[in-house]
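>>> Need the 3D shape of this:
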Amino acid sequence: MAPESYAARDLDTDEVRDALPTLLWSGLVEQRGGDRGTLRLTPLGAAVLREAECDELTARLSAVVSFADTVSMGAAPRLAGLALRRLAEGTWTLEQAKSYVRTSETGADRS
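Here you go, the predicted structure:
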């Protein structure tokens, strides 16, 4: 795969080059056409990718559920709504969402 192709997929060329031998050895990807060929996920690689995505979504959902406790303690709806949206999108961590609600309610500077 050409370096431009990595960039288009938001991948770091050096990281791909470093990880490729392990990915090939473990059977997660296959390379066709020699050194300059294309890389493809194997069925195992696709399963591992889906499992990682599922784990990420499970963690995000868990954070949303935990944040519900913060909201139930009387957070302002507008503040809680924005924080919840960013938390669910994965833009903020649970701590960032809680901090936003706490500091906004006290009038503290969030910058």
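>>> Gln31: neighbouring residues, count only.
By other C-beta atoms under 10 Å, the residues close to Gln31 number 15. From N, CA and C alone the C-beta is placed, and that goes for glycine too.
>>> repeat for Ala63
The local packing of Ala63 (other C-beta under 10 Å) involves 19 other residues.
>>> A helix includes it, no?
Yes. The assignment for Ala63 is a helix, going by DSSP: H, G, I helix; E, B strand; the rest coil.
>>> Low-confidence stretches in this structure?
Counting by pLDDT under 70, the chain shows low-confidence ranges at 1-9, 34-36, 105-111.
>>> quick one: the helices in it?
3-8, 13-25, 43-72, 77-89, 94-106 (DSSP state H).
>>> Which of the residues in the second one are classified as buried?
By neighbour count, and taking 16 or more other C-beta atoms under 10 Å as the criterion, the buried residues in helix 13-25 are 16, 23.
>>> tell me which strands and helices that helix is in contact with?
Secondary-structure packing of helix 13-25 (3 or more C-beta pairs under 8 Å, 6 or more residues apart in numbering; DSSP states H and E): helix 3-8, strand 29-32.
>>> Kindly export the shortest one (C-alpha atoms) in CSV.
Taking C-alpha atoms only, strand 29-32 is exported to CSV below (Å, rounded to 0.1, in the frame of the first residue of the first chain):
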residue,chain,number,x,y,z
VAL,A,29,-3.7,-9.1,7.6
GLU,A,30,-2.5,-10.6,4.3
GLN,A,31,-0.3,-8.9,1.7
ARG,A,32,-0.9,-9.5,-2.0
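>>> from the chain's centre, how far out does it sit?
For strand 29-32, the separation from the chain centroid amounts to 25 Å (computed by C-alpha atoms, centre = their mean, to the nearest Å).
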